[in-house]
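Trainee: Next one to model:
(one chain, ligands or ions: 1)
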Amino acid sequence: MFNKIGQEDIKVFETIFGKEKCFSGTEIESEYAKDEMGTIISYPEIRVIADNKYQISELMQYANQKRIPVTVRGAGTGLVGGCVATRGGVLLDLTEMNQIIELDQINMTLRAQPGVLMLDIYDFVEKENLFYGPDPGEKTATIGGTIATNAGGMRAIKYGTTREWIRGLEVVLPSGEIIKTGGKVVKNSSGYPLKELFIGTEGTLGIIVEATLKLTSLPKFSTSLLAPFETSIKAIEAAPELIKRHVTPTAVEYVDQTSLKYSNEFLGKHMPHDNYDAYLLLSYDGTSKEALDADITLASQLCLELGAIDVYLIDTEERKDSVWTIRGAFLEAIKASTTEMDEIDVVLPRSKIASYLEFTQDISKKLNLRMPYFGHVGDGNLHIYFCRDDLKEDVWQQKLKEAFDVMYDRAFANGGLVSGEHGIGYAKKAYLEKQIGATQIKLMREIKKIFDPNNILNPDKIV
Ligand SMILES: Cc1cc2nc3c(=O)[nH]c(=O)nc-3n(C[C@H](O)[C@H](O)[C@H](O)COP(=O)(O)OP(=O)(O)OC[C@H]3O[C@@H](n4cnc5c(N)ncnc54)[C@H](O)[C@@H]3O)c2cc1C
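Mentor: Sure thing, here's the model as predicted:
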């Protein structure tokens, strides 16, 4: 179905991108054969670094004609093998297309190339007293990657996911044609919402070469609350009640003693008041200090009513930094605690989270498999990890399969979905099919065929 890359093709790529931006054979470093999860490993035949959309357009015209697969890569921080070149071919690296193009203060939009890092976006807009809502945990991800995965993050409960913040996209199609969809406009009832199709489809329908982001004014004041509870279930059950009875927090994170221990060991740092078993870590923001103080007073009272042992105000920069750095390191800390790991990123209705985590604890005991977890309990998105530790390969694979099967079955039976924010990529394909069934998979395949009849763009992913 696909053709291998020969010397003649390499010459063409070198003409398009420049010899110094093309790497093949042993020049390709191992990090370009995997993403951050590292469970799916496959080398591309060539890695090319793009400078502009015209090069990408030329590449796609050539690859389409020659039936050479192309896989798009942002920063490679994905966790489902989405940017791994599972069929070899070209790995299209977008990290050097990293310019902020235009800040429009009147329309409150930011135009950016796909390789701009999230940390640079936040830094840039916050200096102008502006705000970009999505806040995925890994700040070295690219804006293109976060759009392609419809990244979420801790602020999703109040500010939504990436999809709600994208006004316009410029995209190179698998044919090489360049299209613009959406723009700086607030409203859009103009035909089929093609822009939406490129968000969350993980680089399978087109290559995002420019994005127009929506901005709002920066909420100047923010405070966090740390509320310890006697048990994990009590903490998790309090989360939906808090949201129901009060203004929407910016974040509602579940933190427990196990994750704290890994993070302490990994960072060598301790969070204040870290002697309890389970916590809700809440964050509130606003444009007026008085309104924020009122929210915090009410939220603290509610936490105590809902069974919190105490409520600690995390209001100084030092305390905020300490608590959120420790929370932000959970994934890396769990990874460092084991020899190999895999994860599920299910999202459930908030009302089902407590019972789902009880089920998780039972499965961990039953399979004798270490399964630490944490989650954005405010929006029902849980990250549950399977740790290999010293298990032999065959035992590990068998336990992993059993764990994936029962955990997804239980999630689907409770109205949950395969992925809340990390995507399907290569690793979670089978479970997507199980969740949505043959009819919807067929529809997705038909859509893919319209955009990419030769299946050259990011083959093997999602469907
Ligand atoms: C410590 C840690 C914390 C994380 N926390 C979060 C979190 O809170 N929320 C969350 O959602 N994710 C999180 N992630 C996952 C990851 O950071 C996101 O999936 C992110 O969106 C990936 O961006 P990237 O630039 O690294 O993309 P990559 O990993 O390079 O690619 C991801 C997918 O997007 C496609 N792609 C990349 N760029 C483009 C483009 N310009 N056009 C078309 N397709 C493209 C790729 O082909 C691939 O399918 C976390 C990861 C880590 C390691």
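Trainee: how about residue 13, phi and psi?
Mentor: The phi/psi pair for residue 13 (degrees, to the nearest 10) reads phi -60, psi -40.
Trainee: Next: residue 387.
Mentor: As for residue 387, its main-chain torsions (degrees, to the nearest 10) stand at phi -110, psi 130.
Trainee: what about it, how many neighbours?
Mentor: Using other C-beta atoms under 10 Å, residue 387 has 21 neighbouring residues. All C-beta spots, glycine's among them, are computed from the backbone N, C-alpha and C.
Trainee: any idea how far it is from the ligand?
Mentor: Distance of residue 387 to the ligand, computed by C-beta to the nearest ligand atom, to the nearest Å: 16 Å.
Trainee: pLDDT score for that residue?
Mentor: Residue 387 is assigned 97 on the pLDDT scale.
Trainee: Next: residue 114.
Mentor: For residue 114, the model assigns a pLDDT of 98.
Trainee: Wasn't it part of a strand?
Mentor: No: counting by DSSP: H, G, I helix; E, B strand; the rest coil, residue 114 is not part of a strand but coil.
Trainee: ok, and the closest non-adjacent residue to it?
Mentor: Spatially, and ignoring its direct neighbours in sequence, residue 114 is nearest to residue 144 (2.7 Å; C-beta to C-beta, 6 or more residues apart in numbering).
Trainee: does the host helix or strand of the one you found come close to the ligand?
Mentor: Per DSSP states H and E, residue 144 falls inside helix 143-148. Yes: using C-beta under 6 Å from any ligand atom, we find that helix 143-148 touches the ligand at 144-146, 148.
Trainee: Please give me every residue in contact with the residue lying closest to residue 61 once chain neighbours are set aside.
Mentor: Of all residues not flanking residue 61 in the chain, residue 176 sits nearest, at 3.5 Å (C-beta to C-beta, 6+ apart). Listed by C-beta atoms under 8 Å, 6 or more residues apart in numbering, the contact partners of residue 176 are 57-61, 64.
Trainee: same question, residue 143
Mentor: Residues near residue 143 by C-beta under 8 Å, 6+ apart: 112, 114-118, 121, 211, 213.
Trainee: Just give the number of residues close to the closest residue to it other than its chain neighbours.
Mentor: Among residues not flanking residue 143 along the chain, residue 116 sits closest, at 5.0 Å (C-beta to C-beta, 6+ apart). By the criterion of other C-beta under 10 Å, residue 116 has 24 neighbours.
Trainee: so residue 116 sits right up against residue 139, yeah?
Mentor: No: shown here, residue 116 and residue 139 do not form a contact pair, counting by C-beta atoms under 8 Å, at 11.7 Å.
Trainee: Helices of the stretch 101-250 of the chain, start to end?
Mentor: Applying DSSP state H, counting those that start in this stretch to the stretch 101-250 of the chain gives helices spanning 118-127, 143-148, 156-159, 194-198, 232-245.
Trainee: and the longest helix seen in the chain with the ligand, contact?
Mentor: Ranked by number of residues, the top helix in the chain under DSSP state H is helix 429-451. No: on the criterion C-beta under 6 Å from any ligand atom, helix 429-451 is out of touch with the ligand, staying 12.0 Å away.
Trainee: Make 50 the first number, not 1, from now on.
Mentor: Shifting the count to begin at 50 puts that one at helix 478-500.
Trainee: and the closest residue to the ligand within the stretch 200-349 of the chain, what are its phi and psi?
Mentor: Here the residue of the stretch 200-349 of the chain nearest the ligand is residue 252; by C-beta to the nearest ligand atom that distance is 2.6 Å. Backbone geometry at residue 252, expressed as degrees, to the nearest 10, gives phi 70, psi 30.
Trainee: got the contact list for it?
Mentor: Taking C-beta under 8 Å, 6+ apart, we find residue 252 in contact with 120-121, 131-132, 197, 506-507, 510.
Trainee: Return a PyMOL selection command for the buried portion of those.
Mentor: Here is the PyMOL command that picks out the buried ones among the contacts of residue 252, judged by 16 or more other C-beta atoms under 10 Å:
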select buried, resi 120+121+131+132+197+506+507+510
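Trainee: for the contacts of residue 252, which one is nearest residue 90?
Mentor: Of all the contacts of residue 252, residue 132 has the smallest distance to residue 90: 12.2 Å, by C-beta to C-beta.
Trainee: was I right about the closest one contacting residue 121?
Mentor: Yes: between residue 132 and residue 121 there is a contact at 6.7 Å, judged by C-beta under 8 Å.
Trainee: any idea how far the nearest residue to residue 281 once chain neighbours are set aside is from residue 399?
Mentor: Nearest non-adjacent residue to residue 281, counting by C-beta to C-beta, 6+ apart: residue 327, 4.2 Å away. Relative to residue 399, residue 327 is positioned 17 Å away (C-beta to C-beta, to the nearest Å).
Trainee: Close to the ligand: what parts of the stretch 350-499 of the chain are there?
Mentor: Proximity of the stretch 350-499 of the chain to the ligand (C-beta under 6 Å from any ligand atom) is limited to residues 380-381, 470-471, 474.
Trainee: Recalculate using a threshold of 5 Å.
Mentor: By C-beta under 5 Å from any ligand atom, the residues of the stretch 350-499 of the chain that approach the ligand are 380, 470.
Trainee: got the contact list for the residue in the stretch 350-499 of the chain that the ligand sits nearest to?
Mentor: Nearest residue of the stretch 350-499 of the chain to the ligand, counting by C-beta to the nearest ligand atom: residue 470, 3.3 Å away. Residue 470 makes contact with 185, 198-202, 205, 210, 394, 396, 430, according to C-beta under 8 Å, 6+ apart.
Trainee: number of nearby residues for residue 235?
Mentor: Using other C-beta under 10 Å, residue 235 is surrounded by 9 other residues.
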